[in-house]
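1. Fold the following.
(one chain, ligands or ions: 1)
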Amino acid sequence: MTETSTATDRDALRAQVVEFEAMEAAAERAERDAAAIVRIVAIVDTREWVEDEERDRWIPVPGTGDARDCDRCGRLHEIHATVETADGGLAVVGVGCAKGESVEKPLRSAASSAKTLARLRAQLAAAKQTAEREADIRAEVAALRFPDERVTKGRVDGASIETREVDGVSVWLHGLDDIDRVMDTLRDSWRRREMHKRGLKSHRSIAAEVADIENRIARSESRIDEITHPNAGESTSTAPASESAGRS
Ligand SMILES: [Zn+2]
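-> Next comes the predicted model:
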């Protein structure tokens, strides 16, 4: 009698343990489900990007960003993804912290655009600074008084040649040449050299470069926007996508 009752007690106890474990597993699952990332709300690369002139590329500087404790892994992340979880809450996580979840791929893609965006913004600031410096140089050189040119007359191959020279920049003047045009050329060459002396080395248009960077920033922003607002107006989301097929 006692033996049977002990066996029954043991069975009952075992059943209780099984039930408890099932409840615990269900609670764990529910917690995991509630924490599942359902939407990427925003993403930002908070690091500073600087130009590595030697290698002609831009690089992020670790530690310059806003290092924030991750809501998921507890580590510090400088690229912050604000995400919505299944329970409706918001969390800030790192790029690698959605491993195995449905948003893993879009999050990586958004992070890549966020990095591009941070780099482009640093490039834009630098290009604008260069534009300002170049405008100053142009204004300074434009205000310079054109020095008196030195005129040398001579003969080359029996023809009379006149040389007009200013600070080592010279033009030849043949008898039939339009003196005003030749003098314009001399002034232009001299001005270009004065600008070069002041550090304006290239002839590319910095204004065009600024505009180009601004276009690429707009494309990166719209790529992030497509990920954070996937269902926003179909008509507006197709335009930037086709544009992004070009340069990146
Ligand atoms: Zn994390």
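
2. give me the number of residues near residue 189?
-> Counted with other C-beta atoms under 10 Å, the neighbours of residue 189 add up to 14. All C-beta atoms are positioned from the backbone trio N, CA, C, and that covers glycine.

3. Give the full set of residues in contact with residue 58.
-> The contact partners of residue 58, taken as C-beta atoms under 8 Å, 6 or more residues apart in numbering, are 49, 50, 51, 52, 119, 122, 123.

4. May I have the secondary structure class of residue 58?
-> Secondary structure, DSSP: H, G, I helix; E, B strand; the rest coil: residue 58 is strand.

5. Just list whatever residues bridge to it.
-> Judged by DSSP bridges, the bridge partners of residue 58 are residue 51.

6. and it, how far is that from the ion?
-> Note on residue 58: its distance to the ion, by C-beta to the ion, to the nearest Å, is 25 Å.

7. And for residue 49?
-> Taking C-beta to the ion, one finds residue 49 at 22 Å from the ion.

8. And for residue 68?
-> 9 Å.

9. and that residue, bridged to which residues?
-> Beta-bridge partners, per DSSP bridges, of residue 68: residue 77.

10. Let me see the confidence value for it.
-> Residue 68 carries a pLDDT value of 91.

11. hmm, back to that, most neighbours among the contacts of residue 58, which one is it?
-> residue 119 (23 neighbours).

12. same for the helix or strand where it lies, what does it pack against?
-> Taking DSSP states H and E as the definition, residue 119 sits inside helix 104-142. Here helix 104-142 is seen to pack against strand 37-45, strand 48-52, strand 57-61, strand 79-85, helix 179-197, helix 206-228 when contacts are counted using 3 or more C-beta pairs under 8 Å, 6 or more residues apart in numbering; DSSP states H and E.

13. next SSE after it?
-> Counting by DSSP H and E, what follows helix 104-142 is strand 150-156.

14. Give the rounded mean pLDDT of that next one.
-> On average, strand 150-156 scores 83.

15. Residues contacting it, please?
-> 160, 161, 162, 163, 164, 165, 166.

16. Out of the contacts of residue 58, which comes closest to residue 149?
-> residue 51 (40.7 Å; C-beta to C-beta).
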